[in-house]
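Q: would you be able to build a 3D model of this:
(one chain, ligands or ions: 1)
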Amino acid sequence: MPILTNPLDLIFHNLFFDVQGIAGRGQLLLKLEGYNVTGSIKIKPALFMINELERRGVLEPCRSTVIESSSGNLGIALALVCALRGYAFICISDPNISPTNRRSIEAYGGKVVIVEHKDPQGGYLASRIEHIRGLLAENPDYVWLNQYANPANLQAHADWTALEILNEVPKVTHLYVGSGTTGTLMGLTRRFAELSPETRIIAVEPEGSVTFDETRAGRRLIPGIGTSRRPELADPAGLDRIVYVPEVDTIRMCHKLARRHGLLLGGSTGSVLAAVAADAESFDAGSTIVAVSPDLGDKYLETIFSPDWVKASYGVNPAVLSDSTPVAPCEPLGSIIARHSPPKPGRLRSAPPPAVRREAVRERVHEEGA
Ligand SMILES: Cc1ncc(COP(=O)(O)O)c(C=O)c1O
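A: Just a heads-up that it's a prediction; the model follows:
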């Protein structure tokens, strides 16, 4: 294990989880991005978008202010990158931002501005953009990234995420990717078309998203994927299929992943894996399915993982979410420790795990209770 000195080294290029029992006879490799610094895949587009502006000489440390509309992962990632590079950062958000995301942005030194008034469509997106345009007109040192239209967002995944997958997995037969701004989807599609044209690319959309079909507009509660306005980056050419996942199926998959697989992952991961599960019958024994997991579940404890929220939002009885048969292998503690710290010649061996006698625990509990 190397000793790190730069937080940006906490971006894991080869973290894949072989998820059993979801993809039928195929092998499902989940590319985990939530363990990256700032907790999501968005650290990559944040770096690419800032780098591109630096390359063009648009940003100047201690003078420029980066401004972006976000309620979540991109805002947190940009707050870190701006802190490291010496730019001020203003995140334009709305009252739906979670307290945790707001605090995370502020912890890295970013400023969060909440736009309170709704736009004529009943949402906040247009109001947020209008607010940004107003600020840009008044402040010549402000620079807007506009992730929905910024080619560097897509390029991050073409030049980085795609190569991480192709370097690690020799033959990807199917690639499942959720779409928000569509940066991840479009970047992967572009690079796979060049280097692995036989891979089938499946875009995963939540029911209610209009990214590829404006007639599908509907209620959506899970952030990260789906849009209420078509992103400029979106282009269906090169996609094999677009799959629409009802949010209830996403919720069920998130709970199943946590309870059966020990993986606490975010809503967009639940959507992507619900789409894989729906196709399970179609995979043959030689299929290798790669799916992208953009973030972890800790950001969704008050929503997706809250039984009360699930009941109030979807009318689902939380009892149906509690399938708890484990699928993770049982392994003795000693071999887990040995796997993580194999003895090196001349170095101390890791201490064997203490043998805990059941009776000793019982006695202690008894004494403490007495
Ligand atoms: C939670 C979540 N889901 C999905 C995505 C994929 O989004 P995009 O289409 O913007 O690349 C992201 C962003 O990276 C995300 O943070």
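
Q: whichever residue of the stretch 251-370 of the chain sits closest to the ligand: how many residues sit nearby?
A: Closest residue of the stretch 251-370 of the chain to the ligand, CB to the nearest ligand atom: Ser268 (3.1 Å). In short, each C-beta sits where N, CA and C put it, glycine included. Ser268 is flanked by 30 other residues according to other CB atoms under 10 Å.

Q: Arg220 now?
A: 17.

Q: same check, this time on Arg339
A: So Arg339, with other CB under 10 Å, has 9 neighbours.

Q: mind listing the helices for the stretch 101-250 of the chain?
A: 125-138, 151-156, 162-168, 183-195, 247-261 (DSSP state H, counting those that start in this stretch).

Q: what packs against the helix or strand where the residue of the stretch 251-370 of the chain closest to the ligand lies?
A: Ser268 is part of helix 267-278 when elements are defined by DSSP states H and E. Judged by 3 or more CB pairs under 8 Å, 6 or more residues apart in numbering; DSSP states H and E, helix 267-278 is in contact with strand 27-32, strand 174-178, strand 200-206, strand 241-245, helix 247-261, strand 288-293.

Q: tell me the strands beside the third one, with direction?
A: It stands for strand 200-206. strand 174-178 (parallel), strand 241-245 (parallel) (DSSP bridges).

Q: can the last one be found next to the ligand?
A: Meaning strand 241-245. No: using CB under 6 Å from any ligand atom, strand 241-245 stays clear of the ligand, with a minimum separation of 12.6 Å.

Q: cool, and the first one?
A: Yes: Strand 174-178 reaches the ligand (CB under 6 Å from any ligand atom) through Gly178.

Q: could you check the angle helix 247-261 makes with that strand?
A: For strand 174-178 against helix 247-261, the angle by axes from the mean of the first three to the mean of the last three CA atoms, to 10 degrees is 120 degrees.

Q: ditto for the last one
A: Using the same axes, to 10 degrees, the direction of strand 241-245 lies 90 degrees away from that of helix 247-261.

Q: mind listing what's buried along strand 241-245?
A: 242-245 (16 or more other CB atoms under 10 Å).

Q: which parts of the stretch 101-250 of the chain sit against the ligand?
A: Checking the stretch 101-250 of the chain against the ligand by CB under 6 Å from any ligand atom, the hits are 178-185, 224-225.

Q: 8 Å instead?
A: Within the stretch 101-250 of the chain, the positions near the ligand by CB under 8 Å from any ligand atom are 147, 153, 157, 177-187, 223-225, 231.

Q: I'd like the helices of the stretch 101-250 of the chain written out as CSV, with mean pLDDT and mean neighbour count added.
A: Listed next are the helices of the stretch 101-250 of the chain as CSV, based on pLDDT from 0 to 100; neighbours: other CB atoms under 10 Å:
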stretch, mean pLDDT, mean neighbour count
helix 125-138, 93, 15
helix 151-156, 98, 23
helix 162-168, 98, 18
helix 183-195, 98, 22
helix 247-261, 95, 22
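
Q: mean confidence for the host helix or strand of Ala338?
A: Using DSSP H and E, Ala338 falls within helix 333-340. Averaging pLDDT along helix 333-340 yields 86.

Q: where does Pro343 land on pLDDT?
A: 70.

Q: what about the residue nearest to Arg220 when sequence neighbours are not counted, neighbour count?
A: Using CB to CB, 6 or more residues apart in numbering and skipping residues adjacent in sequence, the residue nearest Arg220 is Gly208, 4.2 Å away. Applying other CB under 10 Å, we find 18 residues neighbouring Gly208.

Q: report the closest residue of this protein relative to the ligand.
A: Closest point on the chain to the ligand, by CB to the nearest ligand atom, is Gly224, at 2.7 Å.

Q: so who does the nearest residue to that residue once chain neighbours are set aside touch?
A: In space, Gly224 comes closest to Ser268 once its chain neighbours are excluded; the distance is 4.2 Å by CB to CB, 6+ apart. By CB atoms under 8 Å, 6 or more residues apart in numbering, Ser268 lies in contact with 178, 180, 204, 222, 224-225, 293-295.

Q: any chance of the residues you listed in a markdown table, with pLDDT, distance to Glu33 and neighbour count too?
A: Formatted as a markdown table, the contacts of Ser268 follow (pLDDT from 0 to 100; distance: CB to CB, whole Å; neighbours: other CB atoms under 10 Å):
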| residue | pLDDT | distance to Glu33 | neighbour count |
| --- | --- | --- | --- |
| Gly178 | 98 | 11 | 30 |
| Gly180 | 95 | 13 | 25 |
| Val204 | 98 | 15 | 28 |
| Ile222 | 92 | 17 | 22 |
| Gly224 | 90 | 12 | 23 |
| Ile225 | 92 | 14 | 30 |
| Ser293 | 98 | 6 | 27 |
| Pro294 | 98 | 5 | 26 |
| Asp295 | 97 | 7 | 26 |
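
Q: having no further points to raise, I will conclude here.
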